[in-house]
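> Sharing a sequence plus its predicted fold:
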Amino acid sequence: MTETFVLIPGAWHGGWTWRPVAERLRAHGHRVLTPTLPGLADGEDPRGYSLADAGDFVVDLIARYDLRDVTLIGHSWAGYVITHAAPRLADRLRGLVYWSAFVPAEGRGLFDEVPPDHRELFTRTARESGDNTVVLPYEVWREKFIQDAPEPVRHLTYQLLVRQPFQYFTETVTPLDPDSLSVPVSYVLSTDDIVMPPGELAWDRFADRLGVSPTAAPGSHEACFTQPDGLAEALLATVSAQH
């Protein structure tokens, strides 16, 4: 059966992030859209956008193309985006998938969900930026996000990242109520994802918020680059299980 996927990238990323996975999904005959969210296109002025604008963009995109039976997938920070968008898209959705993603809680933005050293880094770089954006240091990218890639791949992908609007981390969205959404909701977790530390801040707490058990996928937080075959297979298996 042909599926329609809309893949939403995480912080500092554009739609290009998903291309290795998207090509594999298309090879299975599926339609795949990989939009770049407002404020995150190369050279775009990130000021003046709110987190709601990012979610509204996804709603408008799906409505504009009159997409139906959509599987909406969000990576990392994009958990906030798909959570904001999903209730208004319920009649167009076939499923909702969070991949190594934040699942919003009441009154808590991403800034409230990360360790104190991350909060200090975000605050400092936004203050120094001149346009209220956050820069991800290369050493953090190399050692925490994409530690399973060769050094040339780490360096090349880092050069493609853009500045992240700080307000996208501090603003909040209304939490998802999976029962009232009436759309299957799943959580996929990369097995070697070490962006969040073990313990009470670990990624699996977000699957708990949805009341689901996470599906394992191989690779790091950036498995879209380092393990696209395994990630695509995990996503397809998750979608199949939803149906």
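The structure has been received and is ready for your questions. Numbering: from 1, shown residues only.
> all strands for the chain, in order.
4-8, 31-33, 70-75, 93-99, 133-134, 164-165, 185-190, 215-217 (DSSP state E).
> closest one to Leu40 among those?
Judged by C-beta to C-beta, the one of the strands of the chain that comes nearest to Leu40 is strand 164-165, at 7.3 Å. Quick note: C-beta positions are derived from backbone N, CA and C, even for glycine.
> Can you list the residue ranges for helices in the chain?
Under the criterion DSSP state H, helices of the chain are mapped to 19-27, 51-64, 78-89, 116-129, 138-140, 151-160, 167-170, 178-181, 204-210, 223-226, 228-242.
> How far does the fourth one sit from its chain's centre?
When you say that, I think you mean helix 116-129. 20 Å (C-alpha atoms, centre = their mean, to the nearest Å).
> Show the backbone phi and psi for the nearest residue to Leu136 once chain neighbours are set aside.
Computed as C-beta to C-beta, 6 or more residues apart in numbering, the closest residue to Leu136 that is not its neighbour in sequence is Trp12, at 5.5 Å. Backbone torsions for Trp12, taken as degrees, to the nearest 10, come to phi 70, psi 0.
> List the contacts of the lowest-mean-pLDDT helix or strand in the chain.
Ranked by mean pLDDT, DSSP states H and E, the helix or strand of the chain with the weakest confidence is helix 178-181, at a mean of 91. Contact with helix 178-181 is made by 86-87, 90, 96, 185, 210-211, as judged by C-beta atoms under 8 Å, 6 or more residues apart in numbering.
> hang on, the earlier thing: relative to Pro104, which of the helices of the chain is closest?
helix 78-89 (5.0 Å).
> Point out the other elements, helices or strands, that that closest one touches.
Contact here means 3 or more C-beta pairs under 8 Å, 6 or more residues apart in numbering; DSSP states H and E; on that basis helix 78-89 packs against strand 4-8, helix 51-64, strand 70-75, strand 93-99.
> Can you pull the phi and psi angles for the nearest residue to Asp42 once chain neighbours are set aside?
Nearest residue to Asp42, sequence neighbours excluded (C-beta to C-beta, 6+ apart): Val162, at 6.2 Å. Val162 adopts backbone torsions of phi -120, psi 170, taken as degrees, to the nearest 10.
> what's the spacing between Val162 and Ser186?
28 Å (C-beta to C-beta, to the nearest Å).
> between these two, who's got more neighbours?
When Val162 and Ser186 are compared for neighbours, Ser186 comes out ahead with 23 against 20, by other C-beta atoms under 10 Å.
> Tell me the bridge partners for the more buried one.
Val97 (DSSP bridges).
> Turn the strands of the chain into a markdown table, columns for distance to Ala52.
Below are the strands of the chain laid out as a markdown table (distance: least, C-beta to C-beta, whole Å):
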| stretch | distance to Ala52 |
| --- | --- |
| strand 4-8 | 15 |
| strand 31-33 | 21 |
| strand 70-75 | 15 |
| strand 93-99 | 18 |
| strand 133-134 | 18 |
| strand 164-165 | 12 |
| strand 185-190 | 21 |
| strand 215-217 | 29 |
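> so which of those gets nearest Val173?
strand 70-75 (11.7 Å).
> mind listing what the closest one pairs with, with the direction of each?
strand 4-8 (parallel), strand 93-99 (parallel).
> ok, Asn132 - how many residues close by?
15.
> wait, what's in contact with it?
Going by C-beta under 8 Å, 6+ apart, the list of residues near Asn132 reads 46-47, 126, 165-167.
> Out of the residues you listed, which is nearest to Met196?
Of the contacts of Asn132, the one sitting nearest to Met196 (C-beta to C-beta) turns out to be Phe166, at 19.4 Å.
> what sits against the closest one?
Here Phe166 is in contact with 122, 126, 129, 132-134 (C-beta under 8 Å, 6+ apart).
> do Thr83 as well
If you count contacts by C-beta under 8 Å, 6+ apart, then Thr83 has 55, 74, 103-104, 173-176 around it.
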